[in-house]
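S.K.: Need coordinates for the following:
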Amino acid sequence: MLTARVDEVRVPVEHRWLGMDRRSIPYALVALGVIALWAWVAPWVAAQVAWDDPIRAGEAIQVTDGTTLTAAPGWGVVSGLRTTDDTRSGQESAQQTVLVKDGVVFSILQGPFTEEPDRLLAQAERITGAGSSGFHVSGDERAVTTASGLRGVEQDFTSASSTGTVTAFVVDGTGIEIQVVGAPAQVTALTGEVDAMIASLTAEEATR
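M.R.: Okay, the predicted model is just below:
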């Protein structure tokens, strides 16, 4: 199979986040990422033109070195690595993946985490008490199981202009936090694709 070669001039794709060199940004898998996504990333993405790096049928995202997700065709890749990408550093996965479509942002954060998925989700839920954050939990936390048997938890959130979900998994000592956010009508229209992408999360050895 042919592999894509990452641009040799730009910052390597595994280190880019919305065009910036993420190596200069301290990384932590915490709820602050949710605040940033909902407060300014989603509105910013909604105002941009279509991305020129669309997912094609059959392409998959390398979420962690041993975990993949099949992305729906037509979503634009803002950051992250496909399973076919060949990086200069040899790194197989990115700490953050961002996909966009019709103003909806599908973001994946991954990093070391050894507790249960509900503990990871609880980090995101703490944003609801962050003063002027404007985020509110909607409905009850619910269990999620992917097609490959990975078990996680999911919670809906709303703000004045956006709606979305945070879904958390823990696989072999790595926390995976999937955030989806956008205007209510746009999120509803893409619910089928979003659910299918989350359900496609697969690990080489599914332990949770």
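
S.K.: which intervals of the chain have sub-threshold pLDDT?
M.R.: 1-51, 123-135, 205-208 (pLDDT under 70).

S.K.: how about the helices in it?
M.R.: 32-36, 42-46, 117-125, 184-189, 191-199 (DSSP state H).

S.K.: could I get the fourth one in CSV with only the CA atoms?
M.R.: The C-alpha trace of helix 184-189 is given here as CSV (Å, rounded to 0.1, in the frame of the first residue of the first chain):
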residue,chain,number,x,y,z
PRO,A,184,-27.3,22.0,17.2
ALA,A,185,-28.7,21.6,13.7
GLN,A,186,-25.3,20.7,12.3
VAL,A,187,-24.5,18.2,15.0
THR,A,188,-27.9,16.6,14.6
ALA,A,189,-27.4,16.3,10.8
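
S.K.: From Asp195, how far out is Gly182?
M.R.: Distance from Gly182 to Asp195, counting by CB to CB, to the nearest Å: 14 Å. The way it works is simple: take the backbone N, C-alpha and C, and place the C-beta from them, glycine included.

S.K.: Comparing these two, which residue is more hemmed in?
M.R.: More neighbours surround Gly182 than the other of Gly182 and Asp195, with 27 against 14 (other CB atoms under 10 Å).

S.K.: Test my guess that the more buried one contacts Ser162.
M.R.: Yes - if you go by CB atoms under 8 Å, Gly182 and Ser162 touch, sitting 6.3 Å apart.

S.K.: so how many other residues sit close to the nearest residue to Pro73 once chain neighbours are set aside?
M.R.: Distance criterion CB to CB, 6 or more residues apart in numbering; nearest residue to Pro73, sequence neighbours excluded, is Ala57 at 4.8 Å. Residues lying near Ala57 (other CB under 10 Å) number 9.
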